[in-house]
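Peer 1: Structure for this input, please:
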Amino acid sequence: MRIRLLSFITLSVLVVNNAHASDIHEFKMANGMKVLVKEDHRAPVVVSQVWYKVGASYEHSGITGVSHVLEHMMFKGTQKHAAGEFSRIIAENGGRENAFTGRDYTAYFQQLEKSRLKVSFEMEADRMRNLTLPENEFKKEVAVVMEERRMRTEDNASALTSEQFYATAFTNNPYHQPIIGWMNDLESMQVSDLRQWYEKFYAPNNATLVVVGDVNAADVFDLAKKYFADLKPSKISVTKPRLDATQKGARRITVKAPARLPYMVMGYKVPSYKTAKEKWEPYALDVLAYILSGGSSSRFSKSLVRQQQIAVSADTGYGIFSRLDELFLIDGTPAAGHSVAQLEKSIDKEIEKIKKELVSKDELERIKAQTIAEKVYEKDSIFYQAMQIGMLETVGLDWRLNEQYTKRIREVTAEQIQTVAKKYLINDTLTVAVLEPQPLAAVKPRRSLSGRH
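Peer 2: Residues are numbered from 1 along each chain as shown. Sure, this is the predicted structure:
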């Protein structure tokens with residue numbers, strides 16, 4: 001679920017702040033690797049990120065979790081550098097580094113003093129094509145990932161409910177499967193699975209290098225060519241579409257797990273920007289999410305939490321720039337003395353109000369200002385600037401969409417919000433998962449295993 005800004009900032013201030021955004025420079029090497037550079041000279045630091053067009057949604061049954069395990073193994077040695085040496089070299093140069101795996105991408109990043117950018121490039125170029133994938137390191141890391149799964153999902157009732165929710169909402173859409181993978185697939189995974197994945201997807205023609213910071217774009221491209229231009233591309237076949245059949249009725253599941261409080265997550269099938277036929281619809285859905293749950297003045301917070309006191313929390317989420325069709329998410333925890341059924345009924349009433357009554361001009365302007373404020377504040381961080389650029393490019397969208405976001409949000413009308421609510425927030429596309437708390441047994445703390453996360 002998204003984090004909401006609680007402060008109100010006027011649109012006029014936002015326009016002034018956003019007017020100083022730097023241009024992004026785009027380059028492409030002969031081997032297919034794209035380089036995107038954004039100059040930001042406020043501090044003598046630089047963020048370098050390498051994004052690969054592969055993640056959990058590229059996987060199939062039997063190898064789920066392979067993208068995430070491979071991410072761990074990217075720190076376990078190349079022909080030139082031993083396991084752990086990558087992190088040591090970055091630290092010795094005063095930098096910090098890590099990686100993350102998503103549904104649609106895997107990315108690696110470093111933040112360094114600007115003169116040390118070449119260190120990042122040298123190391124990333126080396127492990128893009130020269131990973132050794134030793135068997136002994138693989139066995140240790142897949143054990144780390146299995147323990148991570150136990151701690152973060154199987155021993156976390158709300159996370160387990162969310163996982164089962166996605167598996168129920170989507171059948172053929174690969175968002176059905178968890179990023180960390182199913183435990184059975186992790187248990188049966190072989191290092192050869194990783195090697196095939198690595199050789200196929202970790203190549204310059206499947207990667208984007210994003211650099212943001214106190215740099216000169218032309219100099220960055222020259223430096224990138226020095227380290228990446230000689231890497232050979234792979235033959236990457238087009239991923240076959242995996243689309244869900246039309247859902248014809250609400251789906252409901254109950255998850256029983258040890259927990260103190262009940263929990264509910266519900267979601268409606270909606271398009272992302274990439275899959276939408278009408279490109280204004282995703283922006284209207286994004287504003288709708290903020291209207292329902294955009295801070296302390298939002299409808300859920302005001303009505304469900306403070307006035308009715310039926311919910312401890314109620315939130316929304318929507319991935320506007322996902323690669324595939326998405327879900328308009330709503331989750332919440334009922335307050336003491338109230339049931340999940342009562343909470344769902346109150347949420348339904350708030351949705352029906354949107355369908356029947358146009359959002360007022362004052363509320364819409366306030367929500368727009370808040371929505372745009374969140375995007376503008378992200379520009380204070382060179383890391384998040386790079387994140388926005390890399391994510392859009394890697395899911396197959398134009399990075400310029402990020403610069404157009406505020407304009408498109410301002411164009412959303414009350415009528416459009418009502419239209420998408422009527423069109424998409426309907427029972428036939430609804431999935432609901434309810435956590436039914438079970439007694440909390442005395443559980444011994446798990447021993448933490450060393451790993452990337």
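
Peer 1: Tell me where the stretch 101-250 of the chain has helices.
Peer 2: Counting by DSSP state H, counting those that start in this stretch, one finds helices in the stretch 101-250 of the chain at the ranges 117-129, 135-149, 157-169, 183-188, 191-201, 217-228.

Peer 1: how far out from the middle of the chain is the second one?
Peer 2: Going by C-alpha atoms, centre = their mean, to the nearest Å, the spacing between the C-alpha centre of helix 135-149 and its chain's C-alpha centre is 23 Å.

Peer 1: Run through the neighbouring helices and strands of it.
Peer 2: Other helices and strands packing on helix 135-149, by 3 or more C-beta pairs under 8 Å, 6 or more residues apart in numbering; DSSP states H and E, are helix 66-73, helix 183-188, helix 191-201. In short, each C-beta sits where N, CA and C put it, glycine included.

Peer 1: Ok, which of those helices comes nearest residue 373?
Peer 2: Minimum separation from residue 373 across the helices and strands packed on helix 135-149 (C-beta to C-beta) falls at helix 66-73, 32.4 Å.

Peer 1: Which of the helices and strands packed on helix 135-149 sits closest to residue 423?
Peer 2: Ranking these by proximity to residue 423 (C-beta to C-beta) places helix 66-73 first, at 33.4 Å.

Peer 1: Next, the angle from the closest one to helix 135-149.
Peer 2: Orientation of helix 66-73 against helix 135-149 (axes from the mean of the first three to the mean of the last three C-alpha atoms, to 10 degrees) gives an angle of 120 degrees.

Peer 1: List the contacts of helix 66-73.
Peer 2: Contacting residues not belonging to helix 66-73 are listed as 54-56, 58-59, 99-101, 106, 108, 131, 133, 137-138, 141-142, 144-145, 179-181, 185-186, 189, 193-194, 197-198, 202, 451-452 [C-beta atoms under 8 Å, 6 or more residues apart in numbering].

Peer 1: Derive a ChimeraX selection command for the buried subset of those.
Peer 2: Here is the ChimeraX command that selects only those of the contacts of helix 66-73 that count as buried (16 or more other C-beta atoms under 10 Å):
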select :54,55,56,58,59,99,100,101,106,108,131,133,137,138,141,142,144,145,179,180,181,185,186,189,193,194,197,198,202,452
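
Peer 1: which one of the helices and strands packed on helix 135-149 is the most hemmed in?
Peer 2: For the helices and strands packed on helix 135-149, the largest average neighbour count (mean count of other C-beta atoms under 10 Å) is found in helix 66-73, namely a mean of 25.

Peer 1: what angle separates that helix from helix 117-129?
Peer 2: 130 degrees.

Peer 1: any idea which helix or strand comes after helix 66-73?
Peer 2: Downstream of helix 66-73, the first helix or strand assigned by DSSP states H and E is helix 85-92.

Peer 1: Report the rounded mean pLDDT for that next one.
Peer 2: Across helix 85-92, pLDDT averages out at 96.

Peer 1: Next, the angle helix 117-129 makes with it.
Peer 2: 170 degrees.

Peer 1: and the closest residue to residue 439 other than its chain neighbours, how many neighbours?
Peer 2: The spatially closest residue to residue 439, leaving aside those adjacent along the chain, is residue 258, at 6.5 Å (C-beta to C-beta, 6 or more residues apart in numbering). Using other C-beta atoms under 10 Å, residue 258 has 12 neighbouring residues.

Peer 1: Please name the residues that touch residue 258.
Peer 2: 157, 437, 438, 439, 440, 441, 443.

Peer 1: same thing with residue 252?
Peer 2: 431, 432, 433, 434.

Peer 1: okay if I get those as TSV plus secondary structure?
Peer 2: Listed next are the contacts of residue 252 as TSV, based on DSSP: H, G, I helix; E, B strand; the rest coil:
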residue	secondary structure
431	strand
432	strand
433	strand
434	strand
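
Peer 1: can you confirm residue 332 is in a helix?
Peer 2: No: assigned with three-state DSSP, residue 332 falls outside any helix and is strand.

Peer 1: Can I get the contacts of residue 252 in TSV including pLDDT, distance to residue 33 and neighbour count?
Peer 2: Listed next are these as TSV, based on pLDDT from 0 to 100; distance: C-beta to C-beta, whole Å; neighbours: other C-beta atoms under 10 Å:
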residue	pLDDT	distance to residue 33	neighbour count
431	98	39	22
432	98	44	19
433	98	41	25
434	98	46	21
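
Peer 1: right, and out of these, which lies closest to residue 366?
Peer 2: Among the contacts of residue 252, residue 432 lies closest to residue 366 (C-beta to C-beta), at 29.9 Å.
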